[in-house]
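Enquirer: Structure for the following, please:
(chains A, B, C and D)
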Protein chains: 2
Amino acid sequence: MQSNNQNTEQIILEAAEKLFIEKGFDGAKTTEIARLAGVNHALLHYYFRTKENLFNCVFEGIAADLVGFFNIAFEGETPFFEKLKRAIELHFDCLATRIDLPMFVLREVIQKKERKAYLLKQIFPIAKRLLAKMHSDMKREAKKGTIRPVKAQNLLLNIAALNVFAFIGAEILFDVKDENISDALKRFLDDRKQNNVNTIINSLKL
Amino acid sequence: MQSNNQNTEQIILEAAEKLFIEKGFDGAKTTEIARLAGVNHALLHYYFRTKENLFNCVFEGIAADLVGFFNIAFEGETPFFEKLKRAIELHFDCLATRIDLPMFVLREVIQKKERKAYLLKQIFPIAKRLLAKMHSDMKREAKKGTIRPVKAQNLLLNIAALNVFAFIGAEILFDVKDENISDALKRFLDDRKQNNVNTIINSLKL
DNA sequence: CCTATTATTAACAATTTTGTTAAACAAATC
DNA sequence: GATTTGTTTAACAAAATTGTTAATAATAGG
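Expert: Numbers count the residues shown, from 1 in each chain, chains lettered A, B, ... in the order given. Presented below is the predicted three-dimensional model:
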């Protein structure tokens, strides 16, 4: 079953991604990754040189996705609360595509300061732009008297907290391995999504 | 510098706690724990037999603390919003005593299903009682028309999300190693604490 | 003070883990 | 078809990691 192909690299990457997400950098072993990928473990080193390197390939891809999720929202000229609702739901849906990504990134970022530095460097310019946009929108609304005076930073953190924690909670309360997204889990996430929108919006409304 | 004492066990436990929290079960090595404790690494096995065992001693202590934090709140006959405010602040303050505990427990619980089972078994009866109390209080308030109709489960999750994420955020945005709780971090946490109370209460108020 | 018990260490050992190397194998190029 | 280039494997090796054991040091009890 030797593939002798360009996509061997991809197969290793996919196995690595699965195990790194499941067990973390320290918990996942290169031998196990190779075994899961169905290749000799020397091949893993042939393609990626070191475990660290392989991990970074996985991590940077995921981090880029996750960072991008913040980029989409808060553009356009729809009314504020509509825009806010859309942003929260969009962010939630992005996270929902792989339930275990948020916890993976948090875990690895908090554990190793180089990764933290890497992520912050990615996030900072995006967050700054987003916060500026939110701030100006919120100032306008506050002047109109339609929302409470809340700092944009706090609103953003509230959204992140509620959305991210939905998936952390899901990992604690349900079995999220593999593709078995049970009905109970689906209901839980739907419920949390709606709750998050309502909680944020109601907390702002006057 | 041989202590030859009863407290050697305690010294090892403290070193283990520090490294397990910092690096996780897989990342922390028993040799390093012994070195940090200043003892021969055979002694670690003499007292705790296995790494797994040592970890459980650390973990169960911390988990018990963390679980207990939910137990204090929502008793007494003060007005609902006062009670709620007090509960949120108390929970926040408990977590604040060791900023890195929430992430530690989440990480380990999500990674190993035995630990998850252990924690859930601890949490379930407490959460059930708490939710029942919240539910009856909230029903009364809803009837009075002082709060929106929100499920107690969602309110509890919202509080947990906002409070826990304050410390996860702190770990990402600040350097939380050791005891150097910087002024900036202190301000951040104070700000988040107040924000969390306001967000929750405003999201409920009609 | 002698003995039994407990605490501690040095030395060892099995296994795991990451990584290398040289050789086999396949594919493409000339 | 020979040569070159890139892919894959088996075998090896060093270091790390967890754990054991037997001998030594300290302590307590009689």
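
Enquirer: quick one: low-confidence ranges for chain A?
Expert: Applying pLDDT under 70 to chain A picks out residues A:1-6, A:178.

Enquirer: residues in it within reach of DNA strand C, list them.
Expert: Within chain A, the residues that sit near DNA strand C (C-beta under 7 Å from any atom of the strand) are A:2, A:4, A:29-32, A:41-42, A:45-46, A:49-52. Just so you know, the C-beta spots here come from the backbone N, C-alpha and C atoms, and that holds for glycine as well.

Enquirer: try 6 Å this time
Expert: A:4, A:29-31, A:41-42, A:45, A:49-51 (C-beta under 6 Å from any atom of the strand).

Enquirer: which two from those residues end up farthest apart in space?
Expert: Greatest spatial distance in the residues of chain A next to DNA strand C: A:Asn4 and A:Lys29, 25.1 Å, computed using C-beta to C-beta.

Enquirer: who's more crowded, the two?
Expert: A:Lys29 (14 against 5; other C-beta atoms under 10 Å in any protein chain shown).

Enquirer: And that one, how far from A:Leu36?
Expert: 10 Å (C-beta to C-beta, to the nearest Å).

Enquirer: Look up how far chain B lies from A:Arg86.
Expert: A:Arg86 is 19 Å from chain B, where distance means C-beta to the nearest C-beta, to the nearest Å.

Enquirer: Hmm, A:Thr78 and that residue touching each other?
Expert: Yes: the pair A:Arg86 and A:Thr78 qualifies as a contact (C-beta atoms under 8 Å) at a distance of 7.3 Å.

Enquirer: okay, the two: which has more neighbours?
Expert: A:Arg86 (16 against 11).

Enquirer: which ones are touching that one?
Expert: Contacts for A:Arg86 (C-beta atoms under 8 Å, 6 or more residues apart in numbering or on different chains) come out as A:73, A:78.

Enquirer: Wasn't it part of a strand?
Expert: No: according to DSSP: H, G, I helix; E, B strand; the rest coil, A:Arg86 belongs to no strand; its state is helix.

Enquirer: where's it relative to A:Glu75, distance?
Expert: From A:Arg86 over to A:Glu75 (counting by C-beta to C-beta), the distance is 10 Å.

Enquirer: and what of A:Leu54?
Expert: 36 Å.

Enquirer: which one of those two has more residues nearby?
Expert: A:Leu54 (24 against 11).

Enquirer: So that one sits against A:Leu43, correct?
Expert: No: using C-beta under 8 Å, A:Leu54 is not in contact with A:Leu43, being 11.5 Å away.

Enquirer: which neighbours do these two share?
Expert: With C-beta under 8 Å, 6+ apart as the test, A:Leu54 and A:Leu43 both reach A:Ile12.

Enquirer: The residues of chain A next to DNA strand C in helices, which ones?
Expert: A:30-31, A:41-42, A:45, A:51 (DSSP state H).

Enquirer: Can I have the buried ones of the residues you listed as a PyMOL selection?
Expert: Command for PyMOL that selects the buried part of those, burial taken from 16 or more other C-beta atoms under 10 Å in any protein chain shown:
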select buried, chain A and resi 30+41+51
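
Enquirer: how about stretch A:44-52, does it get close to DNA strand D?
Expert: Yes: using C-beta under 6 Å from any atom of the strand, stretch A:44-52 reaches DNA strand D at A:Tyr46.

Enquirer: Between the two ends of stretch A:87-105, how far is it?
Expert: Distance across stretch A:87-105, first residue to last, is 21 Å (C-alpha to C-alpha, to the nearest Å).

Enquirer: what's it in contact with?
Expert: A:20-22, A:24, A:59, A:62-63, A:65-66, A:69-70, A:72-74, A:119, A:159-160, A:163-164, A:166-168, A:170-171, A:176, A:181, A:189, A:193, A:196-197, A:200, B:106-107, B:110.

Enquirer: distance between stretch A:54-67 and the chain's centre?
Expert: 10 Å (C-alpha atoms, centre = their mean, to the nearest Å).

Enquirer: Let's see it as PDB, backbone CA atoms only.
Expert: Extracted in PDB, the C-alpha atoms of stretch A:54-67 (Å, rounded to 0.1, in the frame of the first residue of the first chain):
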ATOM      1  CA  LEU A  54       5.300  19.200  11.700                       C
ATOM      2  CA  PHE A  55       3.400  20.700  14.500                       C
ATOM      3  CA  ASN A  56       3.900  24.200  13.200                       C
ATOM      4  CA  CYS A  57       2.500  23.200   9.800                       C
ATOM      5  CA  VAL A  58      -0.600  22.000  11.500                       C
ATOM      6  CA  PHE A  59      -0.900  24.800  14.000                       C
ATOM      7  CA  GLU A  60      -0.300  27.700  11.600                       C
ATOM      8  CA  GLY A  61      -3.000  26.400   9.300                       C
ATOM      9  CA  ILE A  62      -5.500  26.200  12.100                       C
ATOM     10  CA  ALA A  63      -4.500  29.500  13.700                       C
ATOM     11  CA  ALA A  64      -4.900  31.200  10.300                       C
ATOM     12  CA  ASP A  65      -8.400  29.900  10.000                       C
ATOM     13  CA  LEU A  66      -9.400  30.900  13.500                       C
ATOM     14  CA  VAL A  67      -7.900  34.300  13.200                       C
END
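
Enquirer: which residues sit in contact with A:Asp137?
Expert: A:Asp137 touches A:74, A:80, A:83, counting by C-beta under 8 Å, 6+ apart.
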